[in-house]
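**Student:** the sequence and its predicted three-dimensional model are supplied below.
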Amino acid sequence: MIFFDTNVILDILDRTREDHDKALMLLSAAQKGAIKVVATTQSIVDAAYVRTQTGKASLSDFRRVMAALCDIIAICPVSGMAIEDANASAVPDYEDAVQLSCAICEECEAIITRDRKFKSFTDIPAYTVEEYYSAVFGG
């Protein structure tokens with residue numbers, strides 16, 4: 001299982017972002033069953049806020065795209081245990097601590113994120129979209 005951080009969801013949704021095309025290729029690989037992907041409910045809510053409150057997408061468009069995305073990506077709820085883990089965590093960014101707890105709970109083999117700080121707080125390998133795409137698909 002591969003964990004998509006919020007910024008990867010945003011890469012998928014926004015064609016103006018640098019990693020959009022490679023993020024779509026990872027999503028396509030997930031759709032074909034080559035990789036299994038999980039994201040948190042928090043990431044979906046945060047992506048909704050960024051996309052709809054900044055005027056980049058209407059709520060109806062976001063809902064339509066998210067319905068299709070949720071057919072491909074498993075959605076992990078942010079549980080009370082994830083909050084407890086974040087409260088006890090040494091990770092200085094609370095949102096990262098919650099995301100990391102969810103990735104651990106889901107037994108993820110890798111975290112895909114732009115946030116380089118993840119590498120400092122876990123033994124789970126963390127990659128950018130570009131790094132993971134190159135490692136898995138060779139280009």
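**Tutor:** Alright, I've got the coordinates. Since the model is a prediction, treat every value here as computed from it, not as a measurement.
**Student:** what's the mean pLDDT across the host helix or strand of residue 96?
**Tutor:** Here residue 96 sits within helix 94-105, counting by DSSP states H and E. In this model, helix 94-105 has a mean pLDDT of 93.
**Student:** the residue in the chain sticking out farthest from the centre and residue 100, how far apart?
**Tutor:** In terms of distance from the mean C-alpha position of the chain, residue 88 ranks first, at 22.5 Å (C-alpha atoms, centre = their mean). Distance from residue 88 to residue 100, counting by C-beta to C-beta, to the nearest Å: 12 Å. Any C-beta I mention is one placed from the backbone N, CA and C, and that applies to glycine too.
**Student:** count residues in the vicinity of the closest residue to residue 6 other than its chain neighbours, would you?
**Tutor:** Leaving aside its sequence neighbours, residue 6 sits nearest to residue 43 (C-beta to C-beta, 6 or more residues apart in numbering; 4.1 Å). Neighbour count for residue 43, taken as other C-beta atoms under 10 Å: 25.
**Student:** does residue 109 touch residue 124 like I think?
**Tutor:** Yes. The criterion here is C-beta atoms under 8 Å, and residue 109 meets it with residue 124 at 7.3 Å.
**Student:** hmm, who's touching the helix or strand of the chain with the lowest mean pLDDT?
**Tutor:** In the chain, no helix or strand scores lower on mean pLDDT, DSSP states H and E than helix 118-121, which sits at a mean of 77. By C-beta atoms under 8 Å, 6 or more residues apart in numbering, the residues outside helix 118-121 that reach it are 5, 89, 90, 91, 96, 97, 100, 111, 124, 126.
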